[in-house]
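Asks: Requesting a structural model of the entry that follows:
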Amino acid sequence: FAVTGDLVPRRRVVDIAKCNACHDRLSLHGSIRSNNVQYCAICHNPNQTDIRRRPDDQLPAESVDFKLMIHRIHTGEELHNEYTVFGFGNVAHTFNEVRFPADRRDCALCHLPGTQLIGSTEGRLPTVNPRSPLDPTPPISTACIGCHDSEATLAHVALNAASFGESCAVCHGEGHDFAVSRVHARRPDARE
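Replies: So this is what the prediction gives:
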């Protein structure tokens, strides 16, 4: 929504065809939400947690913001910390044993061209993240800590982000020494 009344198109980061390359026909919640990733962010937004499904003795709540959740699920067995989300029926779903079937550094397996790169945060909200010492978590950092969840990474984010903005692009923007495209690049001699 814009003040002018003009519609602002939803940001497209992934394509369902890329999801279905591994998932065949992505269907997690049924009904019209099946097989259409544009619906995911309606509920899996920066303000959403599993608080309505999580038992009181399992608090604090866990973020289910799509950019955090999807990176955590696909990082799975390589996470440093537990990632458990409570879903329908108040059932716990722990994703730490998920094995990604390829090299996770190959962002193009899931992302549309260029959408994995650090861009503008204009119009993007920080993520409510009660289980993290970085609550709320700035928008760029949210995607990064989805995979990189070690204490060292959290400390790095805490030192380089503030409530008024993130400085990630200084080092991780295109053309810089630690650009996302460089640090996630697959070496030709790397073994799968």
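Asks: Now tell me what touches the helix or strand bottoming out on mean pLDDT in the chain from outside.
Replies: Lowest by mean pLDDT, DSSP states H and E among the helices and strands of the chain is strand 161-162, with a mean of 84. For strand 161-162, the surrounding residues in contact (C-beta atoms under 8 Å, 6 or more residues apart in numbering) are 134, 138, 140-141, 167-168. C-beta coordinates here come from the backbone N, C-alpha and C atoms, glycine included.
Asks: How about stretch 62-80?
Replies: Taking C-beta under 8 Å, 6+ apart as the rule, stretch 62-80 contacts 13, 40-41, 43-50, 54, 83-86, 95-100, 104, 110, 127-132, 137, 139, 142-143, 145-147, 149-151.
Asks: same thing with stretch 101-118?
Replies: 11-15, 18-19, 21-22, 70, 74-75, 78, 140, 147, 168-169, 172-174, 179-181, 184-186, 190, 192.
Asks: what stretches of this protein score poorly on pLDDT?
Replies: Along the chain, segments meeting pLDDT under 70 span 1-2, 30-33, 188-192.
Asks: list the buried ones in stretch 29-45?
Replies: By neighbour count on 16 or more other C-beta atoms under 10 Å, the buried set for stretch 29-45 is 33, 37, 40-41, 44.
Asks: The contacts of stretch 101-118 in helices, which ones?
Replies: Among the contacts of stretch 101-118, the members falling in helices are 18-19, 21-22, 70, 74-75, 140, 147, 169, 172, 180-181 (criterion: DSSP state H).
Asks: Leu125 in helix, strand or coil?
Replies: coil (DSSP: H, G, I helix; E, B strand; the rest coil).
Asks: quick one: it from Pro55, how far?
Replies: According to C-beta to C-beta, to the nearest Å, Leu125 stands 27 Å off from Pro55.
Asks: The two - which one has more neighbours?
Replies: More neighbours surround Leu125 than the other of Leu125 and Pro55, with 14 against 9 (other C-beta atoms under 10 Å).
Asks: Any idea how many residues pack against the residue lying closest to the more buried one once chain neighbours are set aside?
Replies: Spatial nearest neighbour of Leu125, excluding adjacent residues (C-beta to C-beta, 6 or more residues apart in numbering): Pro46 at 4.1 Å. When neighbours are counted by other C-beta under 10 Å, Pro46 registers 20.
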